[in-house]
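Student: Sequence and predicted structure are below.
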Amino acid sequence: WLVNLEWIFFKMATYFVLLDAFRGDYISPKTTPYLYYISQNGEYYKRTRQSLGYCERSEIFTGKSGLETGFITALEFKPEHSEYSKLFINKIVRRVCSLFSAITGSSDTRKVLRLKKACKNIFLRLLYFKSFKMRSYNIPLDLLHFFALSEDYVDHRESNALPFPSIFDYMRESNINYNYAGFTALGMREELRTDEERFIQVEKSAGDETVSLHLLYISSADKYGHLYGPSSDLFITEMSNLDQRIKSFVQHVESSDDKAKFVFLGDHGMTDVTKKIDIKSIIENICKTNDIVLGRDIVYFLDSTIFRVWFLNDKGWGAKVDIENHSEVIRFGSWMTSANSQHYNVKWPNRSYGDMLWLASPGAMIFPDFFNSIYVPKGMHGYDPSHKDSGGMCIHYGSGISSKNIEEIPLNAVHDILMSSLNKV
């Protein structure tokens, strides 16, 4: 109770800064001198290891691994939750898009691809009479009605939004206020669209004695890692720029809140892309050879590093051998099994994420996928979490925090670091 009494009198606030895709080894005296400085003057967790997939926030906020939450990728096979459940509307939009393609011809310039995507999204909104929390991305219209958001299906701030109690549930029950305006989530309507806008929002709220936790999302490492590749000089320059902005952010906050605590988290890493694999063409050829219809016999989903297949009937299952034994598939990745799922720290079998799930080897990338079809990213994440480039990092710095170095922690352990910073373990 003395700890809680200290919070009441001194109003100690925590600033949680999620540095998307900030790899642990980006911290160095040369490239990121300020982050290096605070790492040596606070609790420094040199590497964080996430569960396989793209659902890091549920690990952070619940303290549970992917094995426990069941989440793997951002979108899951759950037709009953799909916002695009009216298949006849999807078919109408497909015909409109086919007409647009006939008009534009076989041209696949970036401009035409953008126009096609815009055409699809406009007609979906018009015919459904609504906007969507889950974007349609590049998911084929015949498959769109099978999918829904996974960890973001319910806003994390709502009561019992996640499979386990979260830090938001704790703050609600404890009447603790937080500032979420500078944060992010899939499907969230974001008024602040740039890192700088989010930095400024949290800086302006610094020192507000009614707020105990400020959440800030920074996309720079993810954005420029995809764009330039994490080994490029351009990327290194951007990380130096980010380091300086973080320094000015901390100084600004401390000028308003001299008892501030900070948690800087790189939730995962980034790997240079060295090989692209056209899984889409492989699947289409196998379906054509076996007279299989997508959406009737099988369903598939292409993340950048994960390929999933669902079989809807016996005819669909007939394609299993051809898919799993394709030479490109064997050469550049591996299939999920109940045995190796323990290594990846995820639940398997798990039909929400496929009857079959294939993971690309580090450096290999599925292209085109259901998110990227115009530019080939030069960097990607979502590989084996044990790979040297996959890990993130965490720094806990500020008032009353002593220096210590720890080599590695699981990503879900960041939950306890946040809770301790809020003076509740």
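Tutor: Thanks, I have it.

Student: Now W358. Nearest residue, chain neighbours left out?
Tutor: Distance criterion CB to CB, 6 or more residues apart in numbering; nearest residue to W358, sequence neighbours excluded, is F307 at 4.3 Å. (Each C-beta comes from the backbone N, C-alpha and C, glycine too.)

Student: That should have said T289, apologies.
Tutor: D322 (7.4 Å).

Student: Whichever strand or helix holds the residue nearest to W358 - what's its average pLDDT?
Tutor: Assessed by DSSP states H and E, F307 sits inside strand 306-311. Averaged across strand 306-311, pLDDT comes to 98.

Student: Name the strands paired with that strand and say parallel or antiparallel.
Tutor: strand 298-302 (antiparallel), strand 356-360 (antiparallel) (DSSP bridges).

Student: Would you mind confirming that the residue nearest to W358 is in contact with F301?
Tutor: Yes. Proximity of F307 to F301 meets the contact threshold set by CB atoms under 8 Å, at 7.5 Å.

Student: quick one: Y44 and N241, what's the gap?
Tutor: 22 Å (CB to CB, to the nearest Å).

Student: Please apply the same query to E83.
Tutor: Following CB to CB, the distance that separates E83 from N241 is 38 Å.

Student: Among those two, which residue is more densely surrounded?
Tutor: E83 (20 against 12; other CB atoms under 10 Å).

Student: Secondary structure element for the closest residue to the more buried one other than its chain neighbours, which one?
Tutor: Excluding the flanking residues, the one nearest E83 by CB to CB, 6+ apart is F132, at 5.0 Å. With secondary structure defined by DSSP H and E, F132 is part of neither a helix nor a strand.

Student: which stretches of the stretch 151-300 of the chain form helices?
Tutor: Per DSSP state H, counting those that start in this stretch, the stretch 151-300 of the chain carries helices over the ranges 167-173, 195-205, 220-228, 233-256, 279-289.

Student: out of the ones you listed, nearest to F123?
Tutor: helix 279-289 (22.5 Å; CB to CB).

Student: Convert that closest one to PDB, retaining C-alpha atoms only.
Tutor: C-alpha atoms of helix 279-289 as PDB (Å, rounded to 0.1, in the frame of the first residue of the first chain):
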ATOM      1  CA  ILE A 279       2.700 -18.600 -54.000                       C
ATOM      2  CA  LYS A 280      -0.400 -17.100 -55.700                       C
ATOM      3  CA  SER A 281       0.600 -18.500 -59.100                       C
ATOM      4  CA  ILE A 282       1.500 -21.800 -57.500                       C
ATOM      5  CA  ILE A 283      -1.900 -22.200 -55.900                       C
ATOM      6  CA  GLU A 284      -3.800 -21.000 -59.000                       C
ATOM      7  CA  ASN A 285      -1.900 -23.600 -61.200                       C
ATOM      8  CA  ILE A 286      -2.600 -26.400 -58.700                       C
ATOM      9  CA  CYS A 287      -6.300 -25.500 -58.600                       C
ATOM     10  CA  LYS A 288      -6.500 -25.400 -62.400                       C
ATOM     11  CA  THR A 289      -4.800 -28.800 -62.800                       C
END
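
Student: Identify the residues contacting it?
Tutor: 292-294, 297-298, 300, 302, 307, 309, 319, 322-323, 326, 328-329, 366, 368-369 (CB atoms under 8 Å, 6 or more residues apart in numbering).

Student: which residues touch L67?
Tutor: L67 neighbours (CB under 8 Å, 6+ apart): S51, S341, Q342, N345, V346, K347.

Student: okay, and for the chain, where does confidence drop off?
Tutor: Applying pLDDT under 70 to the chain flags residues 1-11, 100-110, 424-425.

Student: one more time with 90
Tutor: Applying pLDDT under 90 to the chain picks out residues 1-12, 85-132, 140-142, 187-191, 207, 373-375, 422-425.

Student: hang on, the earlier thing: in JSON lines: the contacts of L67, plus distance to L234.
Tutor: Below are the contacts of L67 laid out as JSON lines (distance: CB to CB, whole Å):
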{"residue": "S51", "distance to L234": "31"}
{"residue": "S341", "distance to L234": "37"}
{"residue": "Q342", "distance to L234": "39"}
{"residue": "N345", "distance to L234": "33"}
{"residue": "V346", "distance to L234": "34"}
{"residue": "K347", "distance to L234": "39"}
